[in-house]
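Q: Everything below, folded, please.
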Amino acid sequence: MQRNMDLIREMLLYIESSNSVVINLYDTEFKINEQSTQRNIIMYHADMLKNAEFIIGSTNSNSWLVQKITWKGHELLDNIRNPTRWQLIKSMVAKAGTFSLAVLYSKASEVASNQLDSLIKKLMND
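A: Numbers count the residues shown, from 1 in each chain. Next up, the predicted model:
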């Protein structure tokens, strides 16, 4: 099964926007490029998010329950939330030929930091 970074982003956005104490991802439909994502793919990506320490949750045979996004998960989400920045990060990383979660986390932070530095310089010159 291949990793889908767009799905990972959508899952984090969904979890953050939920008002529930516990979110069952098994019953959630995610559309990536106008196509619904199969449950087994959602569960696989939830496992990856947990293993990377972006979410806290648990699974059983018919559910994937998320209690919360971790601090690290919120940091990643803050850096990839903006759709324009997300597209920039994806294009940069794709050109390098790698797109692991570790690289995504690192590059998203770097891009956000560079954008903030540019904004600060512009404000200081105005």
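Q: so where's the chain shaky on pLDDT?
A: Across the chain, the ranges flagged by pLDDT under 70 are 31-37, 98.
Q: Now do the lengthiest helix in the chain: distance to the chain's middle.
A: Longest helix of the chain, by residue count under DSSP state H: helix 101-125. Centroid separation between helix 101-125 and its chain, computed with CA atoms, centre = their mean, to the nearest Å, is 17 Å.
Q: which residues touch that helix?
A: Contacting residues not belonging to helix 101-125 are listed as 3, 5, 8, 48, 52, 54, 72, 75-76, 78-80, 85, 88-89, 92-93, 96 [CB atoms under 8 Å, 6 or more residues apart in numbering]. Bear in mind the C-beta positions are built from the backbone N, C-alpha and C, glycine included.
Q: how about a cut-off of 10 Å?
A: With contact meaning CB atoms under 10 Å, 6 or more residues apart in numbering, helix 101-125 is reached by 3, 5, 8-9, 48-49, 51-52, 54, 72-73, 75-82, 84-86, 88-90, 92-93, 96, 98-100.
Q: Pull up the pairing partners for the helix or strand residue 68 falls within, direction included.
A: In the assignment (DSSP states H and E), residue 68 maps to strand 63-69. Applying DSSP bridges, strand 63-69 is found paired with strand 23-24 (antiparallel), strand 55-60 (antiparallel).
Q: Of those, flag the one that's most buried.
A: Mean neighbour count (mean count of other CB atoms under 10 Å) peaks for strand 23-24 among the strands paired with strand 63-69, with a mean of 18.
Q: which other residues reach that one?
A: The contact list for strand 23-24 (CB under 10 Å, 6+ apart) reads 11, 14-15, 17, 46, 55, 57, 62-68.
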